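**Student:** Could you work out the structure for the sequence below:
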Amino acid sequence: MAPMKLYGATMSWNVTRCVVALEEAGSDYEIVHINFATGEHKSPEHLARNPFGQVPALQDGDFYLWESRAICKYACRKNKPELLKEGDLKESAMVDVWADVEANQYTAALSPILFHCLVLPMLGGTTDQSVVEENLEKLKKVLEVYEARLTKSKYLAGDFISLADLNHVSATLCLAATPYASLFDGYPHVKAWWTGLMARPSAQKVLALTKPSA
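**Tutor:** Numbering: from 1, shown residues only. A predicted model of the protein is given here:
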């Protein structure tokens, strides 16, 4: 069977979020680059894959899927459902809880920091430090909750790694390129959790994909 195709640009943390899940699930896939500079993401061909003209999009045979977290769940359900703890009602519910926390609390605070520190300057804009500071305070409050949680379990959903943990990898890797790379130093359990995630081959794969060419 042909490998799945992940359409997007590897500088997007939404795309590399999918890479982490696909790698962890042991999926057979290839990355197909979408050129934003030429407007390829708005082409009829790509709009057939993702009607919003965004990335990522996943093709598995004649099946198309978009939205990064949906793609991540699909990869796990297809090849490694234990990352979702499906079959155990309470454990899978905790995976759902912390997956929602990642999207609606953690990354919701982190994304504006990354946009203003990394993306906007590349587009010729100026960082709005007030936006950065506001979201840093939000992120620190989230990290306080994480620190308390990780004193009780090795991973967010319990003493098992899950997609809830893995979904943090792509955006958090970008934090290292901002002035706030040492943010986790104030949260020892969070830092230990992150160090463990960073050691995984899936995280190293994303690091390699996002490293600028020499």
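
**Student:** show me where pLDDT drops low in the protein?
**Tutor:** 212-214 (pLDDT under 70).

**Student:** mind listing the strands for it?
**Tutor:** 4-8, 29-33, 57-60, 63-66 (DSSP state E).

**Student:** between those strands, which one is nearest to Lys154?
**Tutor:** Nearest of the strands of the chain to Lys154, taken as CB to CB: strand 29-33 at 28.3 Å. Every C-beta, even on glycine, is put in place using the N, C-alpha and C of the backbone.

**Student:** Mind listing what's buried along the closest one?
**Tutor:** Buried residues in strand 29-33, counted by 16 or more other CB atoms under 10 Å: Tyr29, Ile31.

**Student:** outside of that strand, which residues touch it?
**Tutor:** Pro3, Met4, Lys5, Leu6, Tyr7, Gly8, Ala9, Thr10, Val15, Val19, Leu22, Leu209 (CB atoms under 8 Å, 6 or more residues apart in numbering).

**Student:** Kindly reformat these as CSV containing neighbour count and distance to His189.
**Tutor:** Below are those laid out as CSV (neighbours: other CB atoms under 10 Å; distance: CB to CB, whole Å):
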residue, neighbour count, distance to His189
Pro3, 12, 38
Met4, 22, 35
Lys5, 16, 38
Leu6, 25, 32
Tyr7, 23, 37
Gly8, 26, 33
Ala9, 18, 34
Thr10, 18, 30
Val15, 25, 29
Val19, 28, 26
Leu22, 27, 28
Leu209, 14, 28
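
**Student:** what two of those residues are the furthest from one another?
**Tutor:** Pro3 and Ala9 (18.7 Å).

**Student:** The nearest residue to Leu207 once chain neighbours are set aside: how many residues sit nearby?
**Tutor:** Excluding its sequence neighbours, the residue lying closest to Leu207 (CB to CB, 6 or more residues apart in numbering) is Leu173, at 6.5 Å. By other CB atoms under 10 Å, 19 other residues sit near Leu173.

**Student:** likewise the one 4 residues further on?
**Tutor:** Ala177 sits with 12 neighbouring residues when counted by other CB under 10 Å.

**Student:** cool, Asp60 as well?
**Tutor:** 20.

**Student:** Nearest residue to it in space, ignoring adjacent ones along the chain?
**Tutor:** Excluding the flanking residues, the one nearest Asp60 by CB to CB, 6+ apart is Met4, at 4.6 Å.

**Student:** Hmm, Gln59 and the one you found touching each other?
**Tutor:** Yes. Judged on CB atoms under 8 Å, Met4 makes contact with Gln59 at a distance of 6.5 Å.

**Student:** Bridged to the residue nearest to Asp60, which residues?
**Tutor:** Beta bridges link Met4 to Tyr29, judged by DSSP bridges.

**Student:** show me the contacts for it.
**Tutor:** Met4 sits next to Leu22, Ser27, Asp28, Tyr29, Glu30, Leu58, Gln59, Asp60 when contact means CB under 8 Å, 6+ apart.
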